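Chemist: next one to model:
(one chain, ligands or ions: 2)
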Amino acid sequence: MAIGPASSLFRAYASKKHVSRIRGLIGKKCFGLLSQRDIFLGSDGFDVKPFSSVVDDVDEDLKVKSEGSVSEFDADMGQIVDLDNEIGGNVIACDSSEGYVHVQYRDPVELYRELCNAEKGAKQRRSDWDTLKEIFNLLGKSGWASDQALAIYIGKAFFPTAVQKFRNFFFKKCSADIAKYLVTLGPSDAAVKFLFPIFIEFCLEEFTSEIKQFKSMIQAADLTKPHTWFPFARAMRRKIIYHVGPTNSGKTYNALQRFMEAKKGIYCSPLRLLAMEVFDKVNALGVYCSLLTGQEKKHVPFSNHVACTVEMVSTDELYDVAVIDEIQMIADPHRGYAWTRALLGLKADEIHLCGDPSVLNIVRKVCSDTGDELCEQHYERFKPLVVEAKTLLGDLRNVRSGDCVVAFSRREIFEVKLAIEKHTDHRCCVIYGALPPETRRQQANLFNDQDNEFDVLVASDAVGMGLNLNIRRVVFYTLSKFNGDKVVPVPASQVKQIAGRAGRRGSRYPDGLTTTLHLSDLDYLIECLKQPFDEVKKLGLFPFFEQVELFAGKLHNSSFCQLLEKFGENCRLDGSYFLCRHDHIKKVANMLEKVPALSLEDRFNFCFAPVNIRDPKAMYHLLKFASSYGQSIPVNIYMGMPKGSASNDKELLDLETKHQVLSMYLWLAQHFKGDNFPYVKKVEAMATDIADLLGKSLVKANWKPEARNAGKPKPQQKADGYERPLSLIKQYDQERHERFLQHKQSEKVIA
Ligand SMILES: Nc1ncnc2c1ncn2[C@@H]1O[C@H](COP(=O)(O)OP(=O)(O)OP(=O)(O)O)[C@@H](O)[C@H]1O
Ligand SMILES: [Mg+2]
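Modeler: Ligands and ions are numbered 1, 2, ... in the order given. Have a look, this model is predicted:
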């Protein structure tokens, strides 16, 4: 939950005098008010709890009391509810009816002092007492008040407790006229706003240590103004050139021309695969270029250029030209922070960004923050993408040479491959995310090569980026996918990116076509292609290790996972940034709790290792690696090597996992200093062998796919063929059609 500038809202209601007093008090006691630009970010766990649930947070003493009956509770609080008088209907202690009106004009500081000095509270009628309680309940639940309280470093988690204590204080000390005035306001916003400044006074006096602690924690989790984290880059006069346009329009091509002309250049890629492609292409053109990815470092002698994955970019080196490809991924929920870091931190005179228009406005804003000059170069597709309205009429026998059939799960990919190879003369190459980049490239080359029978490609969304493919037509097998939670329509931006892979300048198929397998999905495809790019409002950010370390210093006895959680809850961000998702990091952190003797930095590094957290085998190996590392034993890998290529899907899955584990070892070896991972050469050789075996296995794969996680429901299958799972869109259409029939039916009945 992002919250507006706390102090400005706070000022909106409070008197000038009161604000200046609070400013003085805060300044005197420990800190200054937050500036207008400060914005707090809470996370899901950061919401205001209902006041009733607050009881769990308050001290045991109060908890017992609150569970008692009203009269016990009230009596214990030192407040007198005059039941006798209530029965008699008389109000004992109250000023004359107009006496309380002046209260609203009085300075909250004075009112608070008056409460402090009062010997005891005035007696209340039962009904007034109930009203007051309701007002305090409202204050405790008020999102507005808890946001405002952040301005004096009353954290959201502590806010309900603070209100509870304030309530106790208030009931012990409340004068008749304040009570009366509040009762006339009733449980309302006005009452909350009247009470709030008095509450603030109370907090400033009562909770100095809590405030101080929370403030230092918040400051340690301060992620505001990230452009100031790179002072060297800020001191430079950088020129940013944004190559903006749709897929296949020549953006990367043009940026790479400048990269190759430069004396010293860096190319930042979203994928290992693409970094490898650029590495090969640039070297082939005579420009010496090294390769740096999480897993490998290939140093080319005399090279001044490097092609790297964006996570590996150095913000220490000086470059003439840098290229940041697929800049729209700066808004990726998981990996966006790596693009943000590259954009803000690269020390290059000229930075070329390539991407779609979704982040153009936010890049403009970043450039105005950093003071960099921004030039925009707009592109159009060489040839427009054409939608084939006929579709494949639900029959995979209608695939043609040069088609790329796109499905969104591994299972579907193999089902489609099986069906095409069974019912037609075409042979299929496959590309999906779990395959190593080397195998994906091998499959892409097999598909591009005209001198073989592999003329159809079946691929997942992994085809959307980074491969040089000669695709004539992109056919969507389905337009819905499982997002880890449920089946959802594929987002329009992704549909556009994938469909745009069809047709390639200079290839056999310069014109691009796209369609769907089923007629029922065609409208959604057209709709997606027509949609303009959604404008991105926020960029991803994630703390550096040093920031997490600083934060850890404020939280003692917390596990690394708790630390990350707390950081997420308490970090402050400017309005243009969001904290990248880190659930997978927390999951690994949790598993590594069992491993003693890892420093905070070791844990941080292990948590970023590329591991499929849903694959227990991969997780097991990561745990083993961390355990050996923690014991300062050379980290070895105990893994049987398969003798030959896979002959069924289980063996293929096993090869995929094995490669992922080997790749993880190589990643760790690159990210941990020293010689704790001495078997890099051996592991590299194993990884190459497995990628090779995977390629061979895919060529002959003609089996039904297995689920990686046993127990997951499998879509229905026909005995002798395949059945495409209903897409969400189709399901929706079917439901709509049924509703329509029902409606018709009922109309008939009425007639
Ligand atoms: N001026 C050019 N001369 C020759 N070939 C070109 C030229 N511009 C682009 N191409 C080729 O067209 C294809 C698409 O270009 P490029 O990869 O630069 O597009 P893109 O806009 O970066 O697409 P994407 O969004 O998919 O990354 C590439 O194979 C590229 O080599
Ligand atoms: Mg590109």
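
Chemist: could I get the phi/psi values of the residue in the stretch 301-450 of the chain that ligand 1 sits nearest to?
Modeler: In the stretch 301-450 of the chain, the residue that lies nearest ligand 1 is Cys354 (5.5 Å; C-beta to the nearest ligand atom). (C-beta placed from N, C-alpha, C; glycine too.) The phi/psi pair for Cys354 (degrees, to the nearest 10) reads phi -120, psi 130.

Chemist: how much space between it and Ile324?
Modeler: Using C-beta to C-beta, to the nearest Å, Cys354 is found at 7 Å from Ile324.

Chemist: so between those two, which is more surrounded?
Modeler: Shown here are Cys354 and Ile324; by other C-beta atoms under 10 Å, Ile324 has more neighbours (28 against 25).

Chemist: the helix or strand containing Lys496: which residues count as buried?
Modeler: Taking DSSP states H and E as the definition, Lys496 sits inside helix 492-499. Burial within helix 492-499, assessed by neighbour count using 16 or more other C-beta atoms under 10 Å, is assigned to Ala492, Ser493, Gln494, Val495, Lys496, Gln497, Ile498, Ala499.

Chemist: same question for stretch 409-427.
Modeler: For stretch 409-427, using 16+ other C-beta under 10 Å, the buried residues are 409-421, 426-427.

Chemist: kindly report the residues of this structure close to ligand 1.
Modeler: Proximity of the chain to ligand 1 is confined to 245, 247-253, 354, 468, 504-506 under the rule C-beta under 6 Å from any ligand atom.

Chemist: are any of these buried, and if so which?
Modeler: Burial by neighbour count, 16+ other C-beta under 10 Å: within those this picks out Gly245, Thr247, Asn248, Ser249, Gly250, Lys251, Thr252, Cys354, Arg504.

Chemist: sketch out the low-pLDDT regions of the protein for me.
Modeler: Scanning the chain for pLDDT under 70 picks out 1-101, 466, 706-751.

Chemist: okay, now the domains of it?
Modeler: Domain segmentation of the chain under the TED database yields 101-223, 227-378, 385-530, 551-699.

Chemist: sorry, back to before: so which of the buried residues of stretch 409-427 are in helices?
Modeler: Arg410, Arg411, Glu412, Ile413, Phe414, Glu415, Val416, Lys417, Leu418, Ala419, Ile420, Glu421 (DSSP state H).

Chemist: tell me who's in contact with the last one.
Modeler: Glu421 makes contacts with Arg427, Cys428, Asn702, as judged by C-beta atoms under 8 Å, 6 or more residues apart in numbering.

Chemist: so which of the buried ones among the residues of the chain next to ligand 1 are in strands?
Modeler: Members of those lying in strands (criterion: DSSP state E): Cys354.

Chemist: max pairwise distance over the buried ones among the residues of the chain next to ligand 1: which two?
Modeler: Cys354 and Arg504 (16.3 Å; C-beta to C-beta).

Chemist: so what secondary structure elements neighbour the host helix or strand of Cys375?
Modeler: In this assignment (DSSP H and E), Cys375 forms part of strand 373-378. Packing partners of strand 373-378 (3 or more C-beta pairs under 8 Å, 6 or more residues apart in numbering; DSSP states H and E): strand 239-244, helix 360-370.

Chemist: and the one helix or strand Glu110 maps to, C-alpha only, in CSV?
Modeler: Under the criterion of DSSP H and E, Glu110 resides in helix 108-117. Below are the C-alpha coordinates for helix 108-117, written out as CSV (Å, rounded to 0.1, in the frame of the first residue of the first chain):
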residue,chain,number,x,y,z
PRO,A,108,-4.2,20.4,21.2
VAL,A,109,-1.0,20.8,23.2
GLU,A,110,-2.8,22.7,25.9
LEU,A,111,-5.6,20.0,25.9
TYR,A,112,-3.0,17.3,26.2
ARG,A,113,-1.3,19.1,29.1
GLU,A,114,-4.7,19.5,30.8
LEU,A,115,-5.3,15.8,30.4
CYS,A,116,-1.9,15.0,31.9
ASN,A,117,-2.5,17.3,34.8
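
Chemist: please name the spatially closest residue to whichever residue of the stretch 401-550 of the chain sits closest to ligand 1 (chain neighbours excluded).
Modeler: Nearest residue of the stretch 401-550 of the chain to ligand 1 (C-beta to the nearest ligand atom) works out as Arg505 at 3.7 Å. Setting aside the residues directly before and after it, Arg505 is nearest to Phe382 in space (C-beta to C-beta, 6 or more residues apart in numbering), at 4.9 Å.

Chemist: my read: that neighbour touches Pro246, true?
Modeler: No: between Phe382 and Pro246 there is no contact under C-beta atoms under 8 Å: 10.3 Å.

Chemist: have a look at those two and say which one is more surrounded.
Modeler: Higher neighbour count among Phe382 and Pro246: Pro246, with 19 against 15, using other C-beta under 10 Å.

Chemist: surely that one and Arg381 touch.
Modeler: Yes: counting by C-beta under 8 Å, Pro246 touches Arg381, with 5.4 Å between them.

Chemist: spit out the residues that contact those two alike.
Modeler: Here Pro246 and Arg381 share the contacting residues Gly500, scored by C-beta under 8 Å, 6+ apart.

Chemist: on that earlier part again, wait, the residue of the stretch 301-450 of the chain closest to ligand 1 sits on Ala322?
Modeler: No: the pair Cys354 and Ala322 fails to qualify as a contact (C-beta under 8 Å) at a distance of 11.5 Å.

Chemist: quick check: helices, which of the buried ones among the residues of the chain next to ligand 1 are part of them?
Modeler: Short answer: these in helices (DSSP H) are Lys251, Thr252.

Chemist: show me what contacts Ala389?
Modeler: Thr515, Leu522.

Chemist: shouldn't it be within a strand?
Modeler: No: going by DSSP: H, G, I helix; E, B strand; the rest coil, the assignment for Ala389 is coil, not a strand.

Chemist: the chain should start at 34 in everything you say after this.
Modeler: Will do, 34 is the new start, and the previous item becomes Ala422.

Chemist: distance-wise, check it relative to Leu558.
Modeler: As judged by C-beta to C-beta, Ala422 and Leu558 stand 10 Å apart.

Chemist: and Val320, by the same measure?
Modeler: For Val320, the distance to Leu558 equals 40 Å [C-beta to C-beta].

Chemist: what helix or strand is the nearest residue to Trp700 once chain neighbours are set aside located in?
Modeler: Using C-beta to C-beta, 6+ apart and skipping the chain neighbours, the partner closest in space to Trp700 is Gly327 (4.7 Å). Gly327 belongs to no helix or strand when assigned by DSSP H and E.
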